[in-house]
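# pasting the sequence and the predicted model now:
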Amino acid sequence: MLRVLIVGAGLTGSLCACLLRRALQNQVHITVWDKSRGTGGRMTTRRAEDSVGADIGAQYISATEFYRKEHHSLYSELLSAGVFVPMSCPVEGLRQKDDSLNYVSPNGMGHIVKHFLQQSEAEVQLLRHVTCLSRRGAFWEVEFSEGRSEAFDAVVLTMPVPQILQLLGDVPECLSEQQGALLAQVQYSSRFALVVSFAKDSSLDIPYGVKYVSDSPIVRYMSVEHQKRSKDLSSLGPSLVVHTSVSFGAAHLESPLDQVQPIIFEEVQRLLPQLPEPISMKAHKWRFSQVLTSVPGCPGHMTALEKPLMLLGGDAFTHSNFDGCVESALSVTRELTQRLSR
């Protein structure tokens, strides 16, 4: 049985695992590693004990008519399973194409990733920070943060491009000069997310579910989580998610979170002076938030080496949204299936 390692338990990695399982079934053993404590990547949903969980990365899916048709089977699958539903809450300040429809996951965006991982029957291992990949004949020896290693027939890297370029071992030698030049052009925006949680029975007195803010140098986006997802608050308190502007993220990228958090919250209080006293708040830094410049030509994936096989994928090879990740996962899976079934 062929052993395939997918590095990154975000949307691209989880969908790759799912599609590969459906294509090759019991011909492959699929392993997914992620350096974080949970799955989701930039679709992470942070859980809270006494308040609604919060989407700290991707907030909802905005699908054009083209991609609703192009990716019809996946949209139908997720809708039928209740993994996501049409978003019904009011949205303020949204500039959207006329043919786009918005979808939200009732249990948080991270549930989409969990769905694909469950379908994949992959062996998921967390807190595995890949540091080095070395060629060992027909295999890849992959080292992770604890200094241990495992061998795989094929490896798929779906983490942000700058993290791929920092890997030790044989990865730099596998990339051609042209490939290295293409990867060097990839650029990301950086942002902070702030989750503010409130006690049960608190009223936020906010009329919208989602708002894009245009009159603040710090805050760009706000979401009232239960209103965004149309969730009942009978047993939980409300949560507010705030995303900062790109310019604020860039200016404070190297600042400690405990210094940045009060700056963001002070601005939130200015924008929403009616807010009750929160019971908790936590900031998160997205060093690699959205892809600003993707790999030229948007090829879907890059083959770093054919034997042993190593593929690079993710939204940096397409475009930075749900359908971009789907396009990359489809591209990677086609290549994997073709080469591994020979």
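That came in fine, so what should we check first?
# give me the most central residue, the protein.
Nearest to the mean C-alpha position of the chain, by CA atoms, centre = their mean, lies residue 42 at 2.4 Å.
# which pLDDT value belongs to that one?
You'll see residue 42 listed with a pLDDT of 95.
# look up how far residue 21 lies from the residue nearest to it when sequence neighbours are not counted.
Among residues not flanking residue 42 along the chain, residue 57 sits closest, at 4.0 Å (CB to CB, 6 or more residues apart in numbering). In this view, the C-beta of every residue, glycine as well, is placed from N, C-alpha and C. According to CB to CB, to the nearest Å, residue 57 stands 25 Å off from residue 21.
# between those two, who's got more neighbours?
For residue 57 and residue 21, the more surrounded residue by other CB atoms under 10 Å is residue 57, and the numbers stand at 23 against 20.
# now do the phi/psi pair for the residue lying closest to residue 185 once chain neighbours are set aside.
In this structure, residue 185 finds its nearest non-sequential neighbour in residue 293, 5.9 Å apart by CB to CB, 6+ apart. Residue 293 adopts backbone torsions of phi -130, psi 120, taken as degrees, to the nearest 10.
# ok, residues contacting the helix-or-strand element of the chain with minimal mean pLDDT?
Sorted by mean pLDDT, DSSP states H and E, the helices and strands of the chain end with strand 91-92, the least confident at a mean of 89. Strand 91-92 has contacts (CB atoms under 8 Å, 6 or more residues apart in numbering) with 102, 208-212.
# what does stretch 17-25 give?
For stretch 17-25, using CB under 8 Å, 6+ apart, the contacting residues are 2, 4, 6, 28, 30, 32, 116-117, 119-122, 329-330, 333, 336-337, 340-341.
# show me which residues of stretch 250-263 are buried.
252, 260-261, 263 (16 or more other CB atoms under 10 Å).
# can you lay out those residues as TSV showing distance to residue 61?
Converted to TSV, the buried residues of stretch 250-263 look like this (distance: CB to CB, whole Å):
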residue	distance to residue 61
252	28
260	28
261	28
263	30
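# switch the residues you listed over to TSV; also include secondary structure.
Below are those laid out as TSV (DSSP: H, G, I helix; E, B strand; the rest coil):
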residue	secondary structure
252	coil
260	helix
261	helix
263	helix
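# state the pair within those residues that is farthest apart.
Largest separation among these by CB to CB: 252 and 261, giving 10.5 Å.
# could I get the CA-only coordinates of stretch 136-151 as CSV?
Taking Å, rounded to 0.1, in the frame of the first residue of the first chain, the C-alpha atoms of stretch 136-151 are listed here in CSV:
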residue,chain,number,x,y,z
ARG,A,136,16.0,8.2,0.6
GLY,A,137,15.9,6.3,-2.7
ALA,A,138,12.3,5.8,-3.7
PHE,A,139,11.0,7.4,-0.4
TRP,A,140,10.9,10.7,1.4
GLU,A,141,12.1,10.8,4.9
VAL,A,142,10.1,13.5,6.6
GLU,A,143,11.4,14.9,9.9
PHE,A,144,9.1,16.8,12.3
SER,A,145,9.7,19.0,15.3
GLU,A,146,10.4,16.3,17.9
GLY,A,147,13.4,15.1,15.9
ARG,A,148,11.6,12.0,14.7
SER,A,149,11.0,11.0,11.1
GLU,A,150,8.8,8.7,9.0
ALA,A,151,9.0,7.5,5.4
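# what about it, average pLDDT?
Throughout stretch 136-151, pLDDT has a mean value of 94.
# contacts for it next, please.
With CB under 8 Å, 6+ apart as the test, stretch 136-151 has contacts from 3, 5, 7, 31, 33, 35, 127-135, 152-155, 168-169, 307-308, 310.
# surely residue 326 is in contact with residue 71?
Yes. Using CB atoms under 8 Å as the test, residue 326 is close enough to residue 71 to be in contact (5.4 Å).
# okay, those two: which has more neighbours?
A side-by-side neighbour count of residue 326 and residue 71, using other CB under 10 Å, places residue 326 first with 21 against 18.
# now do the buried residues in stretch 285-304.
For stretch 285-304, using 16+ other CB under 10 Å, the buried residues are 285-286, 288-291, 294-295, 299-302, 304.
# tell me the mean pLDDT over that stretch?
Taken as a whole, stretch 285-304 has a mean pLDDT of 96.
# let's number from 47 now, not from 1
With 47 as the first residue, the last one maps to stretch 331-350.
# okay, and the beta partners of residue 269?
In this entry, residue 269 is beta-bridged to residue 256, residue 287, by DSSP bridges.
# actually residue 147, not the one I wrote
Assigned bridge partners for residue 147, using DSSP bridges, are residue 109.
# what do you get for residue 356?
Taking DSSP bridges as the rule, residue 356 bridges to residue 201, residue 351.
# quick one, what contacts it?
The neighbours of residue 356, taking CB under 8 Å, 6+ apart as the test, are 179, 186, 200-203, 217, 220, 349-350.
# ok, residue 232 touching residue 339?
Yes. Using CB under 8 Å, residue 232 is in contact with residue 339, at 6.0 Å.
# poorly predicted segments of the stretch 197-346 of the chain, please.
Scanning the stretch 197-346 of the chain for pLDDT under 70 picks out nothing.
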